[in-house]
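1. this is a predicted model, with the sequence first.
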Amino acid sequence: MNVIFDLRRGSFALKAEFDLPDRGVTAIFGRSGCGKTSLLRCMAGLEPEASGQLQVAGQAWQRGAWSLPTHERALGYVFQEASLFPHLTVERNLRYGWRRVAPGKRRVEWQPTIELLGLEGLLDRYPAQLSGGQRQRVAVGRALLTSPDLLLMDEPLASLDSDSKAEILPYLEKLHRDLAVPLVYVSHSQDEVLRLADQLVLMDDGQVQTQGPVADVLTRLDMPLAHQQGAKALLEGAVVRQDEADHLTEVICDGQSIWVSQLNQPPGTPVRLSVAARDVTISRAPATDSSVLNCLAVQIDALEADPQPGHVLVVLRLGAQVLLSRITERSRRQLALTRGDCVYALVKGVAVH
Amino acid sequence: MNVIFDLRRGSFALKAEFDLPDRGVTAIFGRSGCGKTSLLRCMAGLEPEASGQLQVAGQAWQRGAWSLPTHERALGYVFQEASLFPHLTVERNLRYGWRRVAPGKRRVEWQPTIELLGLEGLLDRYPAQLSGGQRQRVAVGRALLTSPDLLLMDEPLASLDSDSKAEILPYLEKLHRDLAVPLVYVSHSQDEVLRLADQLVLMDDGQVQTQGPVADVLTRLDMPLAHQQGAKALLEGAVVRQDEADHLTEVICDGQSIWVSQLNQPPGTPVRLSVAARDVTISRAPATDSSVLNCLAVQIDALEADPQPGHVLVVLRLGAQVLLSRITERSRRQLALTRGDCVYALVKGVAVH
Amino acid sequence: MILGIAEADWIALLLTLRLALISTVLLLVLCIPLAWWLAFTPNRGKVLVEALVALPLVLPPTVIGFYLLILLGPRGAVGGALEAAGLNHLAFSFTGLVVGSMVYSLPFVVQPLQNAFQNLGSRPLEAAATLRAGPLDRFVTVVLPLTQRGFLTAFVLSFAHTLGEFGVLLMIGGSIPGQTQVASIAIYNHVEALDYGAAHGLSLVLLVLAFVLLLSVYALNRRFRWVGVAQ
Amino acid sequence: MILGIAEADWIALLLTLRLALISTVLLLVLCIPLAWWLAFTPNRGKVLVEALVALPLVLPPTVIGFYLLILLGPRGAVGGALEAAGLNHLAFSFTGLVVGSMVYSLPFVVQPLQNAFQNLGSRPLEAAATLRAGPLDRFVTVVLPLTQRGFLTAFVLSFAHTLGEFGVLLMIGGSIPGQTQVASIAIYNHVEALDYGAAHGLSLVLLVLAFVLLLSVYALNRRFRWVGVAQ
Amino acid sequence: QAQEVTRVAAAAQLRFVMEDIATQYRARYPGHPIEVQYGSSGRFHAQIINGAPFDVYLSADLDYPAALMEAGFTASEVLPYAIGRIAIWSNTVDARQLTLTDLADDQRFRRVAIANPRHAPYGARAREALISAGVWETLQPRLVTGENISSTLQLVQSGAAEVGIIALALVMTPEIAAQGGHRLIDGDRHLPLEQGLVVTRRAEQNAVAWHFAEYVRGAEAGTLFRAYGYDLPTQSP
Ligand SMILES: Nc1ncnc2c1ncn2[C@@H]1O[C@H](COP(=O)(O)OP(=O)(O)OP(=O)(O)O)[C@@H](O)[C@H]1O
Ligand SMILES: Nc1ncnc2c1ncn2[C@@H]1O[C@H](COP(=O)(O)OP(=O)(O)OP(=O)(O)O)[C@@H](O)[C@H]1O
Ligand SMILES: [Mg+2]
Ligand SMILES: [Mg+2]
């Protein structure tokens, strides 16, 4: 489903076009001020000046300048800033949207949502009596409880501690899967994106720079993410077995095994691994001691100068997936690396999401 | 300098006591709603009901119920939520505090601050015309430009993208060092804390659970941080040499060398490394191939059951510093590890901050 | 005589309360769209309307009453039209009084409402819209509670002012007992008749009544007030 | 005769403007502490004060004027005290008019200010305090601009109302040309004397003047308004 | 269905005498319900033109009813019914010995109250009297004026003005007489204050209105008028 939006706001112009899948998480990423909030507001119908195209669950929400009024859109919106009703208690804030959805159409349940967001003790409070993170959790709950067809979340977990995040993220994951609705998620946290997102939309100065599956966008050399200091590649794999003695877990990604710090998950569980470009070196020969170091047979897909002087960024193909490696220009010369070469990637660090 | 504060607010009671060094960054860490904002507000003199004790730059700010009025305190406060004056342009917001400091007392310069925070293009805008992150940057700038004796920052970078953070963090680091003032920093981002903080104050339900140098607090077994999934230890070291061929840099921590992905820093540069507990395994013998794996000679300082069933958390002493390792109960038995044993820590992943 | 107040005065009091209540409530309802428009229109011409709204205050009430009398009377534009349509003109009728006090109290209602609406900001309304609340729903569940104080002020100023209104009402109402003789006119008549006892008595009753009424309104407002603004 | 208006009427007009301006400005200044207290006190007794503030509206102006006349006159508490102190009592003086119109316009000023202060929220003031602004500084640089609309409403209601005030002023002023005969009284006198031409003329001048004045005030307010509230 | 009341609009200063006359009339003619309203003659004039339900209009002078007649809102001629007198009154000094010239003494009287000479007939007569006594110009800066004769009295009553020129009818009422003394002003000093009434056009068919108008000009009412200090017009209807 193609989403298009045009909006002028003073000197800033939003001209965004991207593909919104029927389900799954689309993360919107981009520098402060690039138009992420503006785009979400357009999708929610909150920008009367916007024109464009948006269709959700078979219903037209925007067609040219015509726009379905916001309150007729089955959406859930978590604003970037506090947006609780100051005159209602937490409970009545939460019930505000809940009550306005016909009981038959409610697909998100009251009790589990309240519990998972840790809101039981706060129900009688007013927003002014909450901490920043508590307010944010209420806002998330309020949006979810409308059982939306489209979830728009503008940094919903920005002021939450990692424990709270760790509790809420899996819930969000499960929820949007159960509901089978698209979730558009703005976040500056690479961690959250790596964990949650299926698709990444990269914005810059009001325009969509690129979009695609997370693993692709992260590693596209023509895109800025690959050139960041902390550039990472994302690998999808599945748990194969545990090595209790060494506290390691074997994960198979595209037929090759990667050992990670022990995971408490049964074989077969799909996992996402991320590998930082600077944790990958390249060798012409396989590593001698493969039990301690992950050594993957890969093929060089592309090479490009890195912003860090004297360095080169190498894209390595691992079956259908892709890894990034940042090496010095000197090593590239010494090893005479060129496109198409089959080499070994020595991976020094793997994070599990 | 000992800081004490008492405050009741409905059912919540703040009873905090901690030591605020004369300079350096004190990070305040704790779950959402534990009282971080309340504590900062007390320190700023914004809670008339508070009583306690606070002295800054030799001047009493709070003594029992007596409290120096906020406007007579030379502080810079970045609120957790938007706090720009809606009726003033960005420039006049920034000048608000700047103008009220005698020119002779200004120790933060106008132009570099504006530039580093990327505010040049926004000076004529009103807050309502800014994005969330832009507003946050203005608030940071406004607080800094008062050349404060004490900086209080409540998640100042929460809604910033990693690029902006990467630009602003070193600036904050440099600034508080140049000014030689204490910076109290509330953040939920472990990364920011690992990078910036000298001291960590851990709060829970209104009370200070513990406090101390970051590396200590992270690894204290009686504290929750060590038991988190993502538990980490912090090592201070210095760059020794570069291995251009392998894209590695050698860092010496307490006399032992640790190889990390290549750093672009000259020998002698101090660096902070963090090592996740689950990336450390323990062996009775040194690793065979120490060029690829970091293997450190350490001594077991403590062992304790981990929340993760069947696992044990081990504290390893590396000279004056400390590492964490999470291993299975089975390995502990097989290796017969006990307190005081000299063993080898095999480190699979190191992050540089 | 009850409480030393003549029956006619009680009737005048009742009439006053009815008048004040009816015209204030009507005014509140009718001014909502106007105040809303004034609060949110980007139209520069709105300052004209803003200035116009305050104009009824500028003339002495008797003179406003005089002009209204001409307008609403049988020879005026409004009264004449009504007569031509087979209805009665509005001078010297209760309806006329309602119209008169509404004209005069217009600024007391429009201005506080406009201020309250302007202070609202768009965020609560946007949030309500994303939660499926339609325009009317939003107005009732978000705008009304958040602008409660503005409505209160509008109510109090208009209501109290109508209680004390005299020049306009005397002019367009005459002083017909039971029909257009409101309490303020009755008090005035007592004073003119140098019957200070009756004047003081009725004034006192009016004051006490108004005080109790306002007190209940304010107390109710306090009772239903939601807790503070975000810290 | 200028513009068909007699010289005496011009004098009355000038007097009116002076009176309205002086009493409104005084009232604005004096009501700030009261409105502030009402806005922020947690004291439950404030509803009593709130209700009291509205009471001057409840009585017919002539009657208020009569009571004020007694109070301010040589035998009244205030006037008597002044006389005893060797000063003049306030009846039939410009000062008396100022006092009278201030009493009567009190609620028009207190209420909008109170509303504006309540809407302010504590955040901007707290932010200003952390930026070294003392209480007065905060008031001038933060409170005033952010409550501009409330001050505007207070000004307009009080000013316009004083222009049209008549009952109170007639009673305590005694209608002395050049001293206490304000425009509203002059218009009333014309109407009573069946000199409708003069009444219409003076009314028109007053209306146009007030309109132009209010228009400038509103336009100025627009001009100096900062841009919208956060989205 | 009760009979429609006949509404009488009477000048404010008639209030005291008219209450007695109305009471007497109601007692004598119980089938003739009347209701009297008091107010400024100018206001009644404007109201009658604009449809006010007044049947008989008793003005404080002859000019207002004459204007009404000219405009075609009357059923009768202008019928004089009484002649008003004015007096100096005070409740702070003994007014019984005061002359008009005494009022010029600014040591004794800081403020002198009269009704507005522009539209209140009693005020106009007071001005004539002061002019004839040669003190009008001297008094100018110290004159305060009331909207009508009652409010003029109040200006004096409150003590804010020490002395005033008031309708004799008013100062002869028992309450006011008890508060201070008065000095009648010589009728030669001003034009006669002839007061006239009209039956309005709307009351053309209202027998009670005509009857009451007649009654007011009759002997019984005349006695009351005299008792309240009014003179009676010489010519009969
Ligand atoms: N009223 C306005 N007038 C002019 N420019 C505006 C206005 N409102 C917003 N902008 C600009 O529009 C751009 C996009 O804003 P938006 O809030 O969509 O950014 P964002 O991507 O959400 O940023 P952040 O991550 O900081 O929240 C910003 O550069 C902002 O300065
Ligand atoms: N007015 C109030 N009445 C009762 N409780 C309050 C009030 N204001 C705040 N609290 C409670 O005080 C506690 C501390 O709040 P505070 O804002 O200091 O938390 P915090 O540590 O800053 O949290 P966060 O990380 O979410 O911002 C919270 O549990 C909050 O619910
Ligand atoms: Mg944004
Ligand atoms: Mg907080």
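-> Yep, it's here. Ligands and ions are numbered 1, 2, ... in the order given.

2. ok and the residue in chain E nearest chain B?
-> Using CB to the nearest CB, the single residue of chain E nearest to chain B is E:E147, 47.5 Å away. Glycine gets a C-beta too; all of them are placed from N, C-alpha and C.

3. tell me the backbone dihedrals of that residue, please.
-> Main-chain dihedrals, E:E147, degrees, to the nearest 10: phi -60, psi -40.

4. my read: it touches E:N116, true?
-> Yes - counting by CB atoms under 8 Å, E:N116 is a contact partner of E:E147 at 6.4 Å.

5. who touches both of these two?
-> Residues touching both E:E147 and E:N116 (CB atoms under 8 Å, 6 or more residues apart in numbering or on different chains) are D:S175, D:E192.

6. how about A:K165, secondary structure?
-> helix (DSSP: H, G, I helix; E, B strand; the rest coil).

7. how about the nearest residue to it, chain neighbours excluded?
-> A:L157 (5.2 Å; CB to CB, 6 or more residues apart in numbering or on different chains).

8. of all the residues in the helix ranked longest in chain E, which ones are buried?
-> Ordering each helix of chain E by length in residues (DSSP state H) puts helix E:15-28 first. Neighbour-count burial for helix E:15-28 flags E:R15, E:F16, E:V17, E:M18, E:I21, E:A22, E:Y25 (criterion: 16 or more other CB atoms under 10 Å in any protein chain shown).

9. just give me the neighbour total for the residue of chain E closest to chain B.
-> 27 (other CB atoms under 10 Å in any protein chain shown).

10. let me know whether A:Q299 touches A:T338 as I believe.
-> No - with contacts counted by CB under 8 Å, A:Q299 stays clear of A:T338, the gap being 11.2 Å.

11. who's more crowded, these two?
-> Set A:Q299 next to A:T338 and count neighbours by other CB under 10 Å: A:Q299 wins out with 14 against 9.

12. got the contact list for that one?
-> A:Q299 touches A:L316, A:R317, A:G340, A:D341, A:C342, A:V343, counting by CB under 8 Å, 6+ apart.

13. try it again at 7 Å.
-> Going by CB atoms under 7 Å, 6 or more residues apart in numbering or on different chains, A:Q299 touches A:L316, A:R317, A:G340, A:D341, A:C342.

14. which one of these is nearest to E:T92?
-> Closest approach between those and E:T92, by CB to CB: A:L316, at 111.7 Å.

15. right, and the helix or strand after the host helix or strand of the closest one?
-> Here A:L316 sits within strand A:311-318, counting by DSSP states H and E. Downstream of strand A:311-318, the next assigned helix or strand under DSSP H and E is strand A:321-328.

16. and the residue of chain C found nearest ligand 3, how far from ligand 1?
-> Nearest to ligand 3 in chain C, going by CB to the ion, is C:R123, at a distance of 13.8 Å. Per CB to the nearest ligand atom, to the nearest Å, C:R123 is found 14 Å from ligand 1.

17. quick check: pLDDT value at that residue.
-> Per-residue pLDDT puts C:R123 at 91.

18. any idea how far the closest residue in space to it that isn't next to it in sequence is from A:Y126?
-> Nearest non-adjacent residue to C:R123, counting by CB to CB, 6+ apart: A:S83, 5.5 Å away. Separation of A:S83 from A:Y126 (CB to CB, to the nearest Å) stands at 14 Å.

19. run through the strands of the stretch 251-353 of chain A in chain order.
-> Assigned by DSSP state E, counting those that start in this stretch, the stretch 251-353 of chain A shows strands spanning A:256-261, A:270-276, A:280-283, A:294-305, A:311-318, A:321-328, A:342-347, A:351-352.

20. ok, chain C next?
-> Ranges of strands within chain C: none, based on DSSP state E.

21. longest helix of it?
-> For chain C, the helix with the greatest residue count under DSSP H is helix C:7-40.

22. that helix close to chain B?
-> No - using CB under 7 Å from any CB of the partner chain, helix C:7-40 never reaches chain B; the gap is at least 14.8 Å.

23. now do the contacts for residue 60.
-> Let's take chain A. Contact analysis of A:A60 by CB under 7 Å, 6+ apart lists A:L68.

24. ah, no, chain E please
-> E:A60 neighbours (CB under 7 Å, 6+ apart): E:A11, E:Q13, E:S41, E:P121, E:Y122, E:Q195.

25. helices - which of those residues land there?
-> If you go by DSSP H, those have E:S41, E:P121, E:Y122 in helices.

26. the last one contacts E:I86, doesn't it?
-> Yes - contact between E:Y122 and E:I86 holds when scored by CB atoms under 7 Å: they sit 5.9 Å apart.

27. common neighbours of these two, please.
-> Here E:Y122 and E:I86 have E:A167 as joint contacts, going by CB under 7 Å, 6+ apart.

28. any weak-confidence spans in the chain?
-> Going with chain A. Applying pLDDT under 70 to chain A flags the ranges A:246, A:287-293, A:349.

29. nope, chain E please
-> For chain E, the stretches flagged by pLDDT under 70 are E:1-3, E:235-237.

30. show me what contacts the residue in chain E positioned nearest to ligand 3?
-> Residue of chain E nearest ligand 3, by CB to the ion: E:N50 (63.8 Å). By CB under 7 Å, 6+ apart, the residues touching E:N50 are C:L69, C:I70, C:G73, C:R75, C:A91.
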